[in-house]
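Peer 1: Show me how the following folds:
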Amino acid sequence: MPRKLSGVQRQVLGLYASFIRAAKTKPIDEQAQWIETIRQGFREGGSVKRNNFKKIEWLLRQGKKKLEQFENTSMKRIVPGQKSGS
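Peer 2: Numbers count the residues shown, from 1 in each chain. This is a model prediction of the structure:
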């Protein structure tokens, strides 16, 4: 039986899914770079300890702001190494 996710874990997974959906709206030849940058950003955020709630909440807020920028249709390219979501 799968383990139940906490509310924060669901928020993080939902934010990740939103980033991936936003990446898929970008030009096809740029999508792989977008997705890799998103994955890298979430991996870096994954090193935060589970009980560091302030940091996790801060990362979620920053991720939501970044997602708004990513969803901007005029933003077509991403610079490698640019931080994403969390």
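
Peer 1: Flag every buried residue along stretch 61-68.
Peer 2: 62-63, 66-67 (16 or more other Cβ atoms under 10 Å). All C-beta atoms are positioned from the backbone trio N, CA, C, and that covers glycine.

Peer 1: what are the ranges of the strands in this protein?
Peer 2: According to DSSP state E, the chain carries no segments that qualify as strands.

Peer 1: how about low-confidence regions in it?
Peer 2: 1, 73-86 (pLDDT under 70).

Peer 1: quick one, helices of it?
Peer 2: Using DSSP state H, the helices found in the chain span residues 7-23, 28-45, 53-70.

Peer 1: could you give the angle of the second one to helix 7-23?
Peer 2: Right, the one you point to is helix 28-45. 160 degrees (axes from the mean of the first three to the mean of the last three Cα atoms, to 10 degrees).

Peer 1: returning to what we had before: got the buried residues of stretch 61-68 as TSV, with distance to residue 20 columns?
Peer 2: Putting those into TSV (distance: Cβ to Cβ, whole Å) gives the following:
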residue	distance to residue 20
62	18
63	13
66	13
67	11
